[in-house]
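*Asks:* 3D, please:
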Amino acid sequence: MSRLIVIGGGGHGRVVADSARGLDVYDTIVFLDDAPDRMMDDGEFTVIGSCTELESVIRPGDSCIVAIGDNRNRAGLIERVLASGLPLATIVDRSASVGSACELGPGTVVLPQAAVNIGTKLGIGCIVNTGATVDHDCQLGDHVHVAPGAHLGGDVGVGSGTWIGIGACVRHGISIGRDVVVGAGAAVVDDVDDGLTVVGVPARRRDHTA
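*Replies:* From the prediction side, this is the model:
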């Protein structure tokens, strides 16, 4: 048994902590958060400091999970955790399903009722959020967020830093680049280049105007 440090005490952080609590792996779960007053006090989770205090609160046997939904912010904090020498936890909720021959990178979370199917590989710090599904043989880069209720068909490739919005669907065999935003409810039926935002059914590029 060990202590888990959860960085980020917003709603997503509390969901991650609740999943970790259900695993009976950690005897203590504590938070680092820069706005502790926003947290609901359930009598079990304690804020022990701000995110900037990470290095000063580490104890032998600790591990850490960065529970921040924003991909860029999560990536930066994960780099800091790794530089500190603190191990990154990987959290899979008891109600989630992870198939055989899957690889989950350190710092990845698979949340309630989500599914990751056989042969899929997820990079560092990915989020497969509540009720999302990632079918067989997908390849997700680092810091990808598959939002609640989003669904990826088999053999989908997703580049690092990409956000798949809530309720979006991605057709089998599609390739999505790095730092892409797929809008909520979008249906991706064609490959998507790096850095684009795509929305709608079928998903089309959204031009950003001043």
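
*Asks:* Tell me the first helix or strand C-terminal of the longest helix along the chain.
*Replies:* Longest helix in the chain, counting residues (DSSP state H): helix 71-84. Using DSSP states H and E, the next helix or strand after helix 71-84 towards the C-terminus is strand 91-92.

*Asks:* So what are the sheet partners of that following strand and their directions?
*Replies:* Using DSSP bridges, the strands paired with strand 91-92 are strand 109-110 (parallel).

*Asks:* which residues are in contact with the partner strand?
*Replies:* 16, 19, 65, 67, 90-93, 96, 98, 104, 116, 126-128 (Cβ atoms under 8 Å, 6 or more residues apart in numbering). (C-beta placed from N, C-alpha, C; glycine too.)

*Asks:* Can you tell me which of those residues are buried?
*Replies:* 16, 19, 65, 67, 90-93, 96, 98, 104, 116, 126-128 (16 or more other Cβ atoms under 10 Å).

*Asks:* What about those, which are in strands?
*Replies:* Using DSSP state E to define strands, the subset of the buried ones among the contacts of strand 109-110 located there is I65, I91, V92, V98, L104, V116, I127, V128.

*Asks:* right, and the fifth one touches V98 too?
*Replies:* Yes. Taking contacts as Cβ atoms under 8 Å, L104 lies within contact range of V98: 6.9 Å.

*Asks:* Would you tell me which one of the buried ones among the contacts of strand 109-110 comes nearest to L54?
*Replies:* Looking at these and their distance to L54, the nearest is I65, at 12.3 Å (Cβ to Cβ).

*Asks:* between the ones in strands among the buried ones among the contacts of strand 109-110, which is closest to A184?
*Replies:* Using Cβ to Cβ, those come closest to A184 at I127, 15.4 Å.

*Asks:* give me every residue that touches the closest residue to that closest one other than its chain neighbours.
*Replies:* Counting by Cβ to Cβ, 6 or more residues apart in numbering, H145 is the residue found nearest to I127 once chain neighbours are left out, at 4.5 Å. Taking Cβ under 8 Å, 6+ apart, we find H145 in contact with G69, N71, C126, I127, N129, T162, W163, I164.
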